[in-house]
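**Student:** Structure here, sequence nowhere to be found:
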């Protein structure tokens with residue numbers, strides 16, 4: 001079992017920044033590939049970014065490339081999502097997810113992730 005708790009969401013103006021954190025417990029964090037997904041009202045949950053267990057390989061959705069940065073601190077069992085130049089279209093509930101497969105390549109597929117956090121709301125005002 002893996003427990004994931006997100007934090008850092010909030011209300012920000014267009015062009016602003018937020019840093020999301022996801023603290024993991026219940027498993028060896030350094031073996032988990034971690035991902036961030038988001039879900040806006042009336043839309044499906046979509047991939048945002050992911051980082052492999054080594055912390056070397058990352059992937060991003062095209063919509064956030066160049067603005068968002070994912071990182072991890074295995075010593076703190078935490079994954080981060082630094083979000084810069086935020087837009088109203090980034091408004092969503094952001095979810096952290098863990099993939100226990102040990103895959104070196106981080107996946108963008110929701111069904112590859114075994115555990116999910118409860119989500120944190122990000123609202124970007126225009």
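**Tutor:** Perfect, thanks for sending it. The structure presented is a predicted model; accordingly, all values stated were derived computationally and were not measured.
**Student:** can you tell me the distance between the two ends of stretch 102-113?
**Tutor:** Counting by CA to CA, to the nearest Å, you get 11 Å between the two ends of stretch 102-113.
**Student:** Next, the buried residues of it.
**Tutor:** Within stretch 102-113, the residues scored as buried using 16 or more other CB atoms under 10 Å are 106-108, 112-113. Glycine gets a C-beta too; all of them are placed from N, C-alpha and C.
**Student:** closest to residue 47 among those?
**Tutor:** When the buried residues of stretch 102-113 are ranked by distance to residue 47 (CB to CB), residue 108 comes first, at 4.1 Å.
**Student:** so the closest one sits in a strand?
**Tutor:** No. Residue 108 is assigned coil when assessed by DSSP: H, G, I helix; E, B strand; the rest coil, not a strand.
**Student:** Check what pLDDT the nearest residue to residue 126 once chain neighbours are set aside gets.
**Tutor:** Leaving out its chain neighbours, the residue that sits closest to residue 126 by CB to CB, 6 or more residues apart in numbering is residue 88, at 4.9 Å. You'll see residue 88 listed with a pLDDT of 97.
**Student:** for residue 119, same thing?
**Tutor:** 98.
**Student:** residue contacts, it?
**Tutor:** For residue 119, the contacting residues are 6, 39, 93-95, by CB atoms under 8 Å, 6 or more residues apart in numbering.
**Student:** At the geometric centre of this protein, which residue do we find?
**Tutor:** For the chain, the residue nearest the mean C-alpha position is residue 36 (2.2 Å; CA atoms, centre = their mean).
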